[in-house]
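Asker: prediction below, plus the sequence it came from.
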Amino acid sequence: MEHIYANLTVSISEFKKSPTALLDKASGEPVALLNHNKPTAYLIPAELYEQIIEALDDKYLLELATIRLKDKEKAIAVNLNDL
(Lines give C-alpha, C1' and ligand atoms only; values in the text may rest on other atoms or scores of the structure.)
Protein backbone atom coordinates (compact mmCIF):
# COMPACT_ATOMS: atom_id res chain seq x y z
CA MET A 1 0.00 0.00 0.00
CA GLU A 2 1.20 3.48 -0.81
CA HIS A 3 1.97 5.88 2.03
CA ILE A 4 -0.58 8.66 2.42
CA TYR A 5 0.84 12.01 3.49
CA ALA A 6 -2.33 13.43 5.03
CA ASN A 7 -4.44 12.71 8.09
CA LEU A 8 -7.65 13.35 6.18
CA THR A 9 -8.60 11.32 3.11
CA VAL A 10 -11.62 11.45 0.83
CA SER A 11 -12.65 9.75 -2.37
CA ILE A 12 -12.87 11.84 -5.50
CA SER A 13 -16.60 11.11 -5.74
CA GLU A 14 -17.16 12.38 -2.18
CA PHE A 15 -15.04 15.44 -2.92
CA LYS A 16 -17.18 16.23 -5.98
CA LYS A 17 -20.36 16.09 -3.89
CA SER A 18 -19.30 18.79 -1.44
CA PRO A 19 -15.89 20.41 -1.95
CA THR A 20 -16.68 23.37 0.32
CA ALA A 21 -17.63 21.10 3.22
CA LEU A 22 -14.37 19.22 2.77
CA LEU A 23 -12.36 22.43 2.86
CA ASP A 24 -14.12 23.42 6.07
CA LYS A 25 -13.48 20.00 7.61
CA ALA A 26 -9.79 20.09 6.61
CA SER A 27 -9.23 23.32 8.56
CA GLY A 28 -6.13 24.19 6.55
CA GLU A 29 -4.60 20.71 6.72
CA PRO A 30 -3.65 18.64 3.64
CA VAL A 31 -6.28 16.26 2.25
CA ALA A 32 -5.49 13.15 0.20
CA LEU A 33 -7.90 12.60 -2.67
CA LEU A 34 -8.28 8.88 -3.33
CA ASN A 35 -9.20 7.02 -6.47
CA HIS A 36 -9.83 3.31 -5.86
CA ASN A 37 -8.26 3.75 -2.39
CA LYS A 38 -4.99 5.09 -3.81
CA PRO A 39 -3.85 8.70 -3.45
CA THR A 40 -4.30 10.48 -6.74
CA ALA A 41 -3.91 14.08 -5.59
CA TYR A 42 -3.41 16.22 -2.51
CA LEU A 43 -5.42 19.28 -1.67
CA ILE A 44 -3.35 21.78 0.30
CA PRO A 45 -3.95 25.39 1.35
CA ALA A 46 -2.64 28.03 -1.05
CA GLU A 47 -0.34 29.44 1.64
CA LEU A 48 1.32 26.05 2.17
CA TYR A 49 1.73 25.56 -1.58
CA GLU A 50 3.40 28.98 -1.85
CA GLN A 51 5.75 28.12 1.02
CA ILE A 52 6.72 24.85 -0.69
CA ILE A 53 7.43 26.64 -3.99
CA GLU A 54 9.53 29.28 -2.21
CA ALA A 55 11.50 26.60 -0.35
CA LEU A 56 12.20 24.74 -3.60
CA ASP A 57 13.30 27.98 -5.25
CA ASP A 58 15.58 28.78 -2.30
CA LYS A 59 17.09 25.29 -2.51
CA TYR A 60 17.74 25.71 -6.23
CA LEU A 61 19.35 29.13 -5.75
CA LEU A 62 21.56 27.80 -2.94
CA GLU A 63 22.74 24.93 -5.14
CA LEU A 64 23.41 27.35 -8.01
CA ALA A 65 25.36 29.72 -5.74
CA THR A 66 27.41 26.81 -4.34
CA ILE A 67 28.33 25.67 -7.85
CA ARG A 68 29.26 29.19 -8.91
CA LEU A 69 31.38 29.74 -5.80
CA LYS A 70 33.41 26.66 -6.71
CA ASP A 71 34.09 28.21 -10.13
CA LYS A 72 35.10 31.66 -8.87
CA GLU A 73 38.63 31.17 -10.26
CA LYS A 74 37.04 31.51 -13.71
CA ALA A 75 35.43 34.83 -12.79
CA ILE A 76 36.39 37.97 -14.68
CA ALA A 77 36.53 41.30 -12.86
CA VAL A 78 34.42 44.03 -14.45
CA ASN A 79 33.68 47.61 -13.63
CA LEU A 80 29.98 48.33 -13.15
CA ASN A 81 30.38 51.52 -15.21
CA ASP A 82 31.48 49.37 -18.15
CA LEU A 83 28.22 47.47 -18.14
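Answerer: Perfect, thanks for sending it.
Asker: contacts, neighbours, all on C-alpha from now
Answerer: Will do.
Asker: beta partners for K38?
Answerer: N35 (DSSP bridges).
Asker: likewise for Y42?
Answerer: A32.
Asker: how many residues are close by A26?
Answerer: 17 (other Cα atoms under 10 Å).
Asker: give the contact list for the closest residue in space to it that isn't next to it in sequence.
Answerer: Nearest residue to A26, sequence neighbours excluded (Cα to Cα, 6 or more residues apart in numbering): L8, at 7.1 Å. Residues in contact with L8, defined by Cα atoms under 8 Å, 6 or more residues apart in numbering, are A26, E29, P30, V31, A32.
Asker: with N7 instead?
Answerer: Counting by Cα under 8 Å, 6+ apart, N7 has contacts P30, V31, A32.
Asker: select from the residues you listed the one having the most neighbours.
Answerer: V31 (24 neighbours).
Asker: surely it and I44 touch.
Answerer: Yes. Using Cα atoms under 8 Å, V31 makes contact with I44 at a distance of 6.5 Å.
Asker: now name the helix or strand holding the spatially most central residue of the chain.
Answerer: The centroid of the chain falls nearest to I52 when counting by Cα atoms, centre = their mean (3.7 Å). Per DSSP states H and E, I52 falls inside helix 46-70.
Asker: list the helices and strands that helix packs on?
Answerer: Using 3 or more Cα pairs under 8 Å, 6 or more residues apart in numbering; DSSP states H and E, no helix or strand is in contact with helix 46-70.
Asker: out of the contacts of N7, flag the one nearest to I76.
Answerer: P30 (48.1 Å; Cα to Cα).
Asker: roughly how far apart are that closest one and A6?
Answerer: Distance, P30 to A6, using Cα to Cα, to the nearest Å: 6 Å.
Asker: try D58
Answerer: Applying Cα to Cα to D58 and A6 gives a distance of 25 Å.
Asker: and what of Y49?
Answerer: 14 Å.
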